[in-house]
Structure formats: C-alpha cells, structure tokens
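Asker: Whatever this is, show me its structure:
(2 chains)
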Amino acid sequence: MKETFRHSMTWLHTWTGLGVGWVLFFMFLTGTAGYFQSQITRWMRPELPLAAERRLMAPEEGYPLTQAFLQKQAAGADTWGMDLPSPGVGREHLSVWWQMPEGAQDRYGNAVLDPTTGERREGETARSTGGGGFLYRMHYHLHYLPEVWAYWIVGFCGMVLLLALLTGVITHRRLFQDFFLFRPAQGGRSWRDAHAVLGVVALPFFLMITYSGLVFFLFTYMPAGLLAVFGGDEERLEEELHGHDSHTEEHQDAPLSRSGVQLPLPSLLDFVAKAGPVWPESTVTGIRVDFPGDSNSVINLFRHTLPAPDSERMISFRVSTGERVGSEEHEHGEDHGWAHEVEETLFTLHRGRFAGPLLRWLYFGSGLLGCGMIATGLILWTVKRRPKSTGSETSGFGHSLVERLNIGTIAGLPAGIAAYFWANRLLPLDWAHRPEWEAHSLFITWAAMLLYPAFRPVRNAWVEELGFAAALFGLLPFLNVLTTDRHLGVTLPAGDWELAGFDLTMMALGLLFAWTAVRVRPKWEAFPASPDVPEPVRPTKSSMA
Amino acid sequence: MNELIFFFTGGSLAYAGVVCWCLSQKRHQQQVFREALPLRIGWVLRLCGVLLLAGSLGQVLRHQEGIAGAAAWCGLLTFSNLLLISLLPYAPRLVVALGLAGVVGFGTLVCLGIPTGF
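Answerer: Purely as a prediction, here's the structure:
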C-alpha cells in the first residue's frame, strides 16, 4: 500500500491513464473531428456545387414548386414531405417525398426537383463516402466490433478517464499556485508541466465531455434501474422521461385519420406566413402535410437551420380551421420532466449543437487539448522511466512497448486519418466498396504505423512518423488540386470557406507535424546512442496538440 | 458578425483578467518585472482580475444565454489561459502588452458605439 493518500492517487492516476490512454486518444481525436463532421463530409463530396453556385431558395420560390409537383405526382397520399435546400444540415437539393395509403402500389416515393422548372431531376451524383460521420461515429462505435462491445469498451475507458481526471486533480500538488507555470526545455519537468497545464486549463471541458459521454449509454452500463422500475421496457421509460411521446403530442387534438370529406389544400405559403411571428429569425426549411386534400389535414412546419432544442423545431396548423395544433406549453418543452431536461442539457453540451462557427472552433480546440493532454501524459510516463545514462542500460520490454505504442498512436493515428482523406480522392469513383475501403485505409495505415517503430530506434521512429503525418496532411490540398476542381485555387476566389477551410486546416496540421518533427530532430542528433536506448525527445507541449 | 464581436470583447476581457490574476503571483511578477511588486498591488491585481472575468462572462452571456453562453465562456477562459501560459516563458512582456491591447481594443469598440452591450 502506498504511504499517503496522494501517493495512492498518483499511482492510480499513472496506471489508469497508461492502461486506456491509447483508446482515449483515439476517442478524443475522432470525436474532435466529429465537431466538423458536416464540413468534412462536404469536402469528401467535391461534386456538389460551390457555395456561391448553390441556390438557396426562399420559401416563396420553393414551396409552390413542391406543392404543384406533389399534387400531380401523389394526390391522395397519406403524407407529403418537402424540403428546401439547406446546406447547414446537409440538404443540397429541393426535394420531396410521399407516402401513399396502406396497400397502395409503390407506397413510398421521393424525388429531387429542378429549382427552376419544378420537374423531377436525376438524384444525387456525388461520390459515396463515409464522410465526417464515419469519424464521428467511430468515437463511440469504434470499428470492426459488435456495437455492444464497442459501447462497453468506450464506457469502460470513459469511466477510467473520469477517474484519471479526478485523481489527476488530487495528484496535482499545487493546482492554484502552479496554475500558470510552464518550464520549457527541462526534460521530464517540462513534460509534467505541459501535461498539467493542458489538463487544468480545459478541465471543465474534459469533465463535461467525459461525464455526458457516459450518460449517453447510461442504461447499457447500469440497467438495474430500468429493469426494476420498467421491467426493461425502454420505450415506457422514454415515454415517462419525455413527458408524452412528442409524436402523439403533436396530434393530440388533431384527428389521426382522414375524415373522407374533401377540402382542397390551400397554398402552403399561407401557413409559412403564419410561422413568421413564432420564428421571427428563421426560415421554414421543411413541411410535412398529413392527409393532403382531406378536411382533417394537418400541416407541420419545420426549421433546421437554427440551433434549437427538438421541441422548438416544429409547429403545426390544422387546415380546416387555420388554427395551431398543440399547446403553447409544448412549444417550450415545459411538460417534459426535469430528468429529461438534465439529459437533454448534457447531450446538447456534449455535441455542442448550439455552437456557432466560433464556439465550434473552441470545442474543436478543446478536443485537441484533450488529445494533447493524453499524449503528454503517455509520453511523460516513458520520459520518467527512461534509463538515466546513455549506453549503460537498456530499457525493459514494457517501457519499450509503451514507447512504440505511443509513436504508433500519437503520430500514427493522425496519419491514418489523413490516409482516410487520401483514400477519398484516390479510390475509383464508381466502386461499390468505396466507403468501406476508405475506412480500411485508415486502419491499414494506423496498423503500419504501429508496426513500424518495432523495426526502428525510438528517436528515428518519432521523427519519421511525425514527418510522414506532416507529408500526408500538408500534401492533401495538392492532391486535391490534381484530383478535383474544388481546390484552393477555386474555392478561395469563390469564397467557399467551408471547402477552403478544410484544405487550409489540413495545411496547418501538416505544418504543425512538420514543426514537431523538426523540434524532435536535433535532440535526437545530439545524443547518438545505441538503437535500443531511447533519448529524451522534447517537443514543446503545443506541438503535441 | 455579432458572434465575432462578442467573442472578441469577451475574449479580451477574459485574457486581461487572467493576466491580472497571474501577475498577482510573486513568481510571475519576477518573471515579468524582474522584481516582486508590493503586496497591496497584488491584491489590487487580483480584484481587477475578478472584475474583468466577471465582465467577460457578462459580455458572453449578452450574446448567448444560458448553457451555451457558459460553454462559450469556459472555452474562452481555457484559451486565454493557454495563450498566457505558452507566451509567459518566452515573451513575458508581450503577455502584458496583449492584455492591455485587448482592453484598449474593447474600449475603442465601446467608444465607436459598436454594440458591445454597454
């Protein structure tokens, strides 16, 4: 047993952190990329029009076209749906869908409409890709593993991270006195400072993200309450948690079937106009009509562009009376239980769903700080345990393994993610297995990067892998020039910042890795030593972010 | 645009706040001014730090209420601290200069009548 409480906590912090550090690094890096998943997906589908060429449609332009089309195509349907192009949520086209009554032939249908003529036009032509969503899902879903296993592994690592964060705070001797302390170029001490600084400055973010992340799969990890109170019936729990099921709620005082009495559908724009006072600052980007042409018809208006909780995303009107359906209370979500509010708040915080562009960057940056904290922690473990003098001792197997896993993950995983983007540009366009092989490229590259250090001295492997990652990221915009017409030479003059921002970020990452490699290199040359004796490598803390 | 202004004002006040708090510590006073400041000044700096941080929280909340505002403020505070800590060993005077520049910039915006909430 360790002699003091703090000693035990330090011990716990060290070994829990080491045990799950690499998986956590993976979760943090892919999750961080997830904050820009729609931008990543956009870049991975270069066939879509540039922002400037994209026609954003006003409701006055779009809905008359969709209504006329559906009237012709799907009269007598149970449901019509229509969406204006809204790139913010990944909708690029004016599109409609419909559902005919039960028993009808071709019950479901959908179409993309030409924005000028309102006629059907051939659908999406962009290449198929896993997109940013693949990276995002991977941070809790992992890959190549059954879902449930992944949730348990992720949950275990998350729980250990929470433990490591708390014990880390206890371990930190002088949290407030040393808050601003960073001493560069002092070997192990610098690594400890860097690890502590990165951990402390973003501590609220780390605690929030870890705790809320665990809550996502609460009932997978702790099913006892669900079993005892609801007999394992998750649907009943959802119902009680959310007050009423929102779907039935919205139709609460509206009939759920046809009346059989015909009532021609008035112009949808009349109802869009009624939404104006309720949503003064947003556009109605989608409409769903239940039982069009019947006197029981209900029109549901949606908005997607504003960051808003789900309960404030839809309003409904009854066609026969023109009155709103559903109570005011429901609009503000006040009939939800407080448990639901807490859950919703945690999820919203985790996903940063309310974030505008700048706050999104802060989220992204905080995520990178998390990667940096984990990376510096892992490196600190090896630095502290390196043999004191060169040539006299060799490091043990465990130490050498950790060194190599560090290189393969901290430099290798980012290289794998860059390879994922390379695969998007290089794999044949009409190949059915494109998305899978994009993913395989990531893992093949990562596996190679994990194996490579086994055959190289540690210091060389650091420089070479960092250099390789730098090349993959830095050259990506140039590969883009060669393979598409959505490169910086086009996107910058067109002012398409979503696309240009991706290429510029990749260049910045390339420079960051190159700079880190350059920082590591002289240290390596200054200490010529036998291959299996690692030397201190000391890039500064920010280079690890 | 609105978001940009409030992030700038909130961020510069937060940065100035953490600079004040940092300079209330003897170790960092020596780092920046080569000598320790009188104890009383340390307390004044600490008070200024708290007021500036409160001001920055106010700024951010004016733009974004509730939980989103709190998240934004935490983020700004994180990166203010990070900027300060990574500059301090290399360019200690620049740390203070940036803090002053931020406050002056904020003052200019207020004087120009750009909507900062004041």
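
Asker: Residue ranges in chain B under the pLDDT threshold?
Answerer: The model of chain B has pLDDT under 70 over residues B:1, B:115-118.

Asker: longest helix of it?
Answerer: Identified as the longest helix of chain B according to DSSP state H is helix B:39-63.

Asker: could you dump the helix or strand just after that helix to CSV, C-alpha only?
Answerer: Downstream of helix B:39-63, the first helix or strand assigned by DSSP states H and E is helix B:66-87. Output of helix B:66-87 as CSV, limited to C-alpha atoms (Å, rounded to 0.1, in the frame of the first residue of the first chain):
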residue,chain,number,x,y,z
GLY,B,66,-27.8,30.0,-20.6
ILE,B,67,-25.8,26.9,-21.1
ALA,B,68,-24.4,27.8,-24.5
GLY,B,69,-23.1,31.1,-23.1
ALA,B,70,-21.5,29.3,-20.1
ALA,B,71,-19.8,26.8,-22.5
ALA,B,72,-18.5,29.7,-24.7
TRP,B,73,-17.1,31.5,-21.6
CYS,B,74,-15.4,28.4,-20.4
GLY,B,75,-13.9,27.9,-23.8
LEU,B,76,-12.7,31.5,-24.0
LEU,B,77,-11.2,31.2,-20.5
THR,B,78,-9.4,27.9,-21.5
PHE,B,79,-7.8,29.5,-24.5
SER,B,80,-7.0,32.8,-22.6
ASN,B,81,-5.1,30.7,-20.1
LEU,B,82,-3.4,28.7,-22.7
LEU,B,83,-2.2,31.7,-24.6
LEU,B,84,-0.9,33.3,-21.4
ILE,B,85,0.9,30.2,-20.2
SER,B,86,2.5,29.4,-23.5
LEU,B,87,3.7,33.0,-24.0
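
Asker: what is the orientation angle of helix B:66-87 with helix B:39-63?
Answerer: 140 degrees (axes from the mean of the first three to the mean of the last three CA atoms, to 10 degrees).

Asker: Enumerate the residues of chain B near chain A.
Answerer: By the rule CB under 8 Å from any CB of the partner chain, the part of chain B lying against chain A is B:3-4, B:7, B:22, B:25, B:27-28, B:64, B:67-68, B:71-72, B:74-76, B:78-79, B:81-82, B:84-86, B:88-90. (Each C-beta comes from the backbone N, C-alpha and C, glycine too.)

Asker: Report how many residues lie close to B:Arg34.
Answerer: 8 (other CB atoms under 10 Å in any protein chain shown).

Asker: correction: A:Arg385
Answerer: 15.

Asker: name the element the closest residue to it other than its chain neighbours belongs to?
Answerer: Nearest residue to A:Arg385 in three dimensions, chain neighbours excluded: A:His399, at 5.4 Å (CB to CB, 6 or more residues apart in numbering or on different chains). Here A:His399 sits within helix A:397-406, counting by DSSP H and E.

Asker: what's the answer for A:Trp98, then?
Answerer: Per DSSP H and E: strand A:94-99 holds A:Trp98.

Asker: The helix or strand following that strand: how far from the chain's middle?
Answerer: Moving toward the C-terminus from strand A:94-99, the next helix or strand (DSSP H and E) is strand A:108-113. Distance of strand A:108-113 from its chain centroid, counting by CA atoms, centre = their mean, to the nearest Å, is 29 Å.

Asker: For chain A, what's the nearest residue on chain B?
Answerer: Among all residues of chain B, B:Gly75 sits closest to chain A, at 3.3 Å; criterion: CB to the nearest CB.
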